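Undergrad: model this:
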Amino acid sequence: MNNKVLSATVRAIFLAAIVFCLTISCSNPNQPGNPDNAINQIVIANDSGKNIKNKNMITQKITPYLWVEKDAKAVADYYLSIFKDGKLKDFRKFDNDESGNDAGIETAVIEIAGMEFSILAAGPLFKFNEAVSFVINTKDQAETDYYWEALTKNGGEEGSCGWCKDKYGLSWQVVPTEYFELIHSDDPIVREKAMKNTLKQKKLILSELK
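TA: Take a look at the predicted model:
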């Protein structure tokens, strides 16, 4: 990566971080200095330029930041279509003059399964890989099947031992909570069978692990 591209990348990240912080800290201007500002009212800019109000920010010390190539809103909509209880909390666009990035940048904040994710669309400079993945703890086989199928279709990819990738290349582990009971069982026979059969599977199938 040459110095010009690196400089533009750093500026894009820096601006996105500032915008995100200001969005939270300024969400309730009538109460300056109030530590509860981060969980109070936030204004969301949508595609039509209208504002959506009264979306509460959750308190979360660590927020995963996902870098994608383009169209942060489409990425947000994709994950919200899978995690049905999710919501869009913020979406913003910045042109090349504002961002210092030739293609401009877009940012979005979503909440899925009670967890907040930030999305930065700022060009194809970085790609997801298996070094980072997110675990979905499912309640039963039916829920395991749902998330596995939703994440691997339309360009997703099946992996092994419960790992898969979605169409953007982000890695997930879809794991029924009962699986942990099996691999931590006091019975060594139960543990061995579960672990041995895990290595033979892509999607985890509880009936074959017991």
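Undergrad: Next up, the contacts around the closest residue to Glu158 other than its chain neighbours.
TA: The shortest distance from Glu158 to any non-neighbouring residue, by C-beta to C-beta, 6 or more residues apart in numbering, is to Lys202 (4.8 Å). C-beta coordinates here come from the backbone N, C-alpha and C atoms, glycine included. When contacts are counted by C-beta atoms under 8 Å, 6 or more residues apart in numbering, Lys202 touches Glu158, Gly159, Ser160, Cys161, Gly162, Cys164.
Undergrad: what number of residues lie near the fifth one?
TA: Think Gly162. Applying other C-beta atoms under 10 Å, we find 22 residues neighbouring Gly162.
Undergrad: Look at the residue nearest to it when sequence neighbours are not counted and say how many residues are nearby.
TA: For Gly162, ignoring the flanking residues on the chain, the nearest one in space by C-beta to C-beta, 6+ apart is Leu204 at 4.5 Å. Neighbourhood size, Leu204 [other C-beta under 10 Å]: 24.
Undergrad: Which helix or which strand is home to Leu204?
TA: Leu204 belongs to no helix or strand when assigned by DSSP states H and E.
Undergrad: measure it to Asp77 for me?
TA: 28 Å (C-beta to C-beta, to the nearest Å).
Undergrad: Quickly list the domain ranges of this structure.
TA: Here the domain parsing of the chain from automatic domain parsing is 3-121, 133-209.
Undergrad: wouldn't the residue nearest to Gly162 be in contact with Glu178 here?
TA: No - assessed by C-beta atoms under 8 Å, Leu204 is found out of contact with Glu178, at 9.7 Å.
Undergrad: What about the residue nearest to Glu69 when sequence neighbours are not counted, how many residues nearby?
TA: Nearest residue to Glu69, sequence neighbours excluded (C-beta to C-beta, 6+ apart): Pro124, at 4.5 Å. If you count neighbours by other C-beta under 10 Å, Pro124 ends up with 10.
Undergrad: Same question for the one 4 residues further on.
TA: For Phe128, the count of nearby residues is 16 (other C-beta under 10 Å).
Undergrad: host element of it?
TA: Under DSSP H and E, no helix or strand contains Phe128.
Undergrad: Model confidence score at it, please.
TA: Looking at Phe128, its pLDDT reads 97.
Undergrad: Enumerate every residue touching it.
TA: Contact analysis of Phe128 by C-beta under 8 Å, 6+ apart lists Leu66, Lys165, Tyr168, Gly169, Leu170, Ser171.
Undergrad: Buried subset of these as a ChimeraX selection?
TA: A single ChimeraX command selects the buried members of the contacts of Phe128 (16 or more other C-beta atoms under 10 Å):
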select :66,165,168,170,171
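Undergrad: which pair in the contacts of Phe128 spans the largest distance?
TA: Leu66 and Lys165 (13.3 Å; C-beta to C-beta).
Undergrad: Glu143: helix or strand, and which one exactly?
TA: Judged by DSSP H and E, Glu143 forms part of helix 141-152.
Undergrad: which strands and helices sit next to that helix?
TA: Applying 3 or more C-beta pairs under 8 Å, 6 or more residues apart in numbering; DSSP states H and E, we find helix 141-152 packed against helix 72-82, strand 133-138, strand 163-165, strand 171-176, helix 206-209.
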